[in-house]
Structures are given as C-alpha cells and as structure tokens.
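Undergrad: Next come a sequence and a model predicted from it.
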Amino acid sequence: MSSMEELLAGWNEKFRPHADGAQLPPHHPHCLACGPDNPHGHHLTVHRRGEEVHATHVFDERHVGAPGIAHGGAVATVFDDLFGFLLYLTGGPAVTRKLEVLYDSPVILGTTYDLAARVTRTEGRKLFMEADMKQLGGSRVASASALFLSVDVTHFNQGMPR
Ligand SMILES: CCCCCCCCCCCCCCCC(=O)SCCNC(=O)CCNC(=O)[C@H](O)C(C)(C)COP(=O)(O)OP(=O)(O)OC[C@H]1O[C@@H](n2cnc3c(N)ncnc32)[C@H](O)[C@@H]1OP(=O)(O)O
C-alpha cells in the first residue's frame, strides 16, 4: 500500500462515529500535538463530551518560552490540534485557515490545565470554532477562535514524498 492509501485507511476508521465520553484517536502517530510516537510532541489525549472535545494538559520544559512559562506557539499548537479533534464530530477532514489566540495570563509549566473546544457555526465549507484553557477548577488563562475549511482528502497529497 502507498503511504496515502495507508493514511486513508486509517482516516476512514477514525471518522466512524465516536460515543459521548469516548477517547478520540490521534490524528496520526507523529502528529506534533497528539501523536504518541512524536518525542517532541504534547501527547494530547482528547475525549468527546457531548458536542465538545475536552483535554487536560501539562506543558513541560520542551515547551518553554520565558523561564517557567509555556511558549505562546506551544499554546497555539495545542489549541490548533484540539480544534482538529472536532473534525471527528463534524465528520470530515478540514484544515486551519485562521487561528487567533488570546493569552489572558501566563501558562505555567508543570501545571494542569483544562481545555474545551466547540464548533460555533458552519457555513458551507467553513467551520467556525472556539476553545478555552482554564486552570483546574479555576479561571481562564487563554482562549482561541479558528476558521477551518473542509478539504478533499487529495489536499493531503501535497505533503506526500515525491
Ligand atoms: C486522507 C488522508 C488523511 C491524512 C491525515 C492527515 C492528518 C490530518 C490531520 C489534521 C490535523 C489537524 C491538526 C490541526 C489543524 C492543522 O494544523 S491544519 C495545517 C495548517 N493549515 C494548512 O496547512 C492550510 C493551508 N491553507 C490551504 O491549504 C488553503 O488556504 C485552504 C485552507 C485549503 C483554503 O484554500 P481555498 O479552498 O482556496 O479557500 P479560500 O478560497 O481561501 O477560502 C474559502 C472560503 O473561506 C473564506 N475565508 C478564507 N479566509 C477567511 C477568513 N480569514 N475569514 C473568513 N472567511 C475566510 C473565503 O472568503 C471563501 O469564502 P466563500 O467565497 O467560499 O464564501
């Protein structure tokens, strides 16, 4: 099988309906945010909760910006990927066209944060999404909004080795 065929086979399996409360599959094993086999990754674990997706996350030294504080790009990575899990609920591939992050307070390394994301509106190929990150049982430290655009699977051919 070609790598594209392998990806497609796995992708179809990932898009089967997922029950409320279920753990959702990583996008692929080496995905920067959720891939279990990426040594530099966040190893994000995400669950469906109703029409939302949820995760808890602890940033570590690999994600440092200022000493002791998570890099803003690492925070954006986690938001972007969490939005990518909503595609298992909407039912098809889409990619980020726009991502906006509001940083309310420093995200501290070694601290557990709660994340939740949801689709707020769809319009043709456009999926509008929002997410937030909070201290456990506490206040919001960051929020994000995104526009994803649905794409045909051939979009991913662009990344295949030639
Ligand atoms: C099968 C194999 C599977 C392989 C399995 C691989 C794993 C899969 C992993 C997924 C994992 C997810 C992880 C996280 C998500 C990423 O990280 S995705 C990666 C980052 N994103 C990208 O690389 C995308 C790069 N950009 C592109 O390829 C192209 O720009 C896009 C997004 C396909 C869009 O191109 P396009 O189709 O030409 O769309 P475009 O004409 O620009 O806009 C379409 C519509 O949106 C509107 N629009 C565009 N921008 C805006 C805006 N800022 N505001 C409002 N409206 C806008 C346009 O006005 C237009 O509206 P209409 O005229 O249709 O009403």
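TA: Right, received. Where do you want to start?
Undergrad: how about the strands in the protein?
TA: 46-49, 52-58, 94-103, 112-123, 126-135, 140-150 (DSSP state E).
Undergrad: Share the number of residues neighbouring the closest residue to the ligand within the chain, please.
TA: Using CB to the nearest ligand atom, the point where the chain gets nearest to the ligand is residue 84, with a distance of 2.8 Å. The way it works is simple: take the backbone N, C-alpha and C, and place the C-beta from them, glycine included. By the measure other CB atoms under 10 Å, the count of residues near residue 84 is 26.
Undergrad: which of the residues in the longest helix anywhere in the chain are buried?
TA: Taking residue count as the measure and DSSP state H as the definition, the longest helix of the chain comes out as helix 72-85. When burial is assessed from 16 or more other CB atoms under 10 Å, helix 72-85 yields the following buried residues: 74, 75, 76, 77, 78, 79, 80, 81, 82, 83, 84, 85.
Undergrad: returning to that earlier point: in contact with the residue of the chain closest to the ligand: list those residues for me.
TA: The neighbourhood of residue 84, defined by CB atoms under 8 Å, 6 or more residues apart in numbering, consists of 27, 33, 34, 96.
Undergrad: Please list the residues of this structure that sit near the ligand.
TA: With CB under 6 Å from any ligand atom as the criterion, the chain comes near the ligand at residues 7-8, 11, 27-28, 80-81, 84, 95-98, 126, 147, 149, 151, 153, 156.
Undergrad: quick one: low-confidence parts of this protein?
TA: Low-confidence regions of the chain, defined here as pLDDT under 70, cover residues 1-2.
Undergrad: I am finished for the moment; much appreciated.
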